[in-house]
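[1] sequence and computational prediction follow.
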Amino acid sequence: MEQILKKLKFFSTLDDESLKTLSKILVEREYKKGCNIFVEGEKAQAVYVVKKGKVKIYKTSQDGKEHIIHIMTDGEVFAESCIFEVCPYPASADAIEDTIVYVIDNKKLEEVLEKHPKIAVELVKIMAKRLRMVAVQIENLSLKDSTQKTATLIMHLFKIKGVEIKEGAKIQLDISRMDMANMVGLTRETLTRSLFKFKSEGIIDIDGKELTIMDLDTLKDLT
């Protein structure tokens with residue numbers, strides 16, 4: 001178990017003693033594509049780590065519009081903001097493909113953190129990174145137009161999953177157009193128009209679920 005954990009992002013910097021301790025309180029769960037993991041407003045009881053798959057973290061407005069905060073992939077932690085206080089989950093989480101997660105009970109984790117401060121430090125780093133990400137999202141939603149939002153989205157996908165090639169970079173679009181649009185506060189139709197505009201201008205090319213960045217410098221300038 002320790003060797004499996006070591007391969008995942010969150011656990012990779014922890015020492016063997018910390019890994020051994022954590023492995024004793026982990027519970028593995030599987031969720032099929034489309035299954036809900038928890039709902040915004042539910043009492044938070046656990047922290048989750050993606051072992052394999054993808055999970056979208058999102059909020060739903062009063063009019064039913066969904067806004068995706070982040071897509072979690074292998075090794076990423078979510079629901080960590082509710083560890084230190086009794087509070088409801090601030091957002092919802094759904095599996096967007098068949099997914100396996102490790103579930104860590106909050107009470108058991110608190111006991112572990114008291115004895116293993118290195119684990120606590122890693123969680124604080126994750127929280128700080130998440131705060132920076134939310135600040136950027138607020139800026140994207142309030143200050144940028146549809147062209148800038150689309151360019152920002154492509155650059156974000158490039159940073160987390162892009163592969164550089166001779167002609168530029170390739171990105172596998174393994175999430176739906178609707179989920180992509182919800183990540184930057186656009187409608188699906190507006191996102192599609194912006195993508196085709198970029199394609200007609202030679203900035204990107206799209207073939208099914210593969211997006212190729214042809215002009216990275218221009219794309220950066222549009223963000």
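    Perfect, thanks for sending it.
[2] strands of this protein, start to end?
    26-31, 36-38, 46-52, 55-60, 66-72, 77-78, 92-95, 99-105, 163-165, 168-172, 204-207, 210-213 (DSSP state E).
[3] I'd like those laid out as JSON lines, including distance to Ala120.
    From N, CA and C alone the C-beta is placed, and that goes for glycine too. Formatted as JSON lines, the strands of the chain follow (distance: least, Cβ to Cβ, whole Å):
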{"stretch": "strand 26-31", "distance to Ala120": "17"}
{"stretch": "strand 36-38", "distance to Ala120": "23"}
{"stretch": "strand 46-52", "distance to Ala120": "12"}
{"stretch": "strand 55-60", "distance to Ala120": "22"}
{"stretch": "strand 66-72", "distance to Ala120": "21"}
{"stretch": "strand 77-78", "distance to Ala120": "13"}
{"stretch": "strand 92-95", "distance to Ala120": "23"}
{"stretch": "strand 99-105", "distance to Ala120": "13"}
{"stretch": "strand 163-165", "distance to Ala120": "35"}
{"stretch": "strand 168-172", "distance to Ala120": "35"}
{"stretch": "strand 204-207", "distance to Ala120": "42"}
{"stretch": "strand 210-213", "distance to Ala120": "39"}
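[4] which one, of those, ends up nearest to Phe84?
    Evaluated over the strands of the chain, closeness to Phe84 peaks at strand 46-52, with 10.9 Å, by Cβ to Cβ.
[5] show me how far the closest one is from its chain's centre.
    Centroid separation for strand 46-52 versus its chain: 12 Å, with Cα atoms, centre = their mean, to the nearest Å.
[6] got the buried residues for it?
    Buried positions in strand 46-52, judged by neighbour count with 16 or more other Cβ atoms under 10 Å: Ala46, Val47, Tyr48, Val49, Val50, Lys51.
[7] farthest-separated two in the residues you listed?
    Maximum distance among those (Cβ to Cβ): 14.3 Å, for Ala46 and Lys51.
[8] Thr187: which of the strands of the chain is closest?
    Per Cβ to Cβ, nearest to Thr187 of the strands of the chain: strand 66-72, 11.5 Å.
[9] what segments of this protein are helices?
    Ranges of helices within the chain are 2-6, 16-23, 106-115, 117-143, 146-161, 177-183, 188-200, 216-222, based on DSSP state H.
[10] how about those, which one is nearest Ala91?
    That would be helix 117-143 among those, by Cβ to Cβ, at 10.7 Å.
[11] what is the closest one packed up against?
    The contact analysis (3 or more Cβ pairs under 8 Å, 6 or more residues apart in numbering; DSSP states H and E) places helix 117-143 against helix 16-23, strand 66-72, helix 106-115, helix 146-161.
[12] next, the angle strand 55-60 makes with the worst-scoring helix or strand of the chain on mean pLDDT.
    Taking mean pLDDT, DSSP states H and E as the measure, the helix or strand of the chain with the lowest value is helix 117-143, at a mean of 78. Counting by axes from the mean of the first three to the mean of the last three Cα atoms, to 10 degrees, helix 117-143 points 50 degrees away from the direction of strand 55-60.
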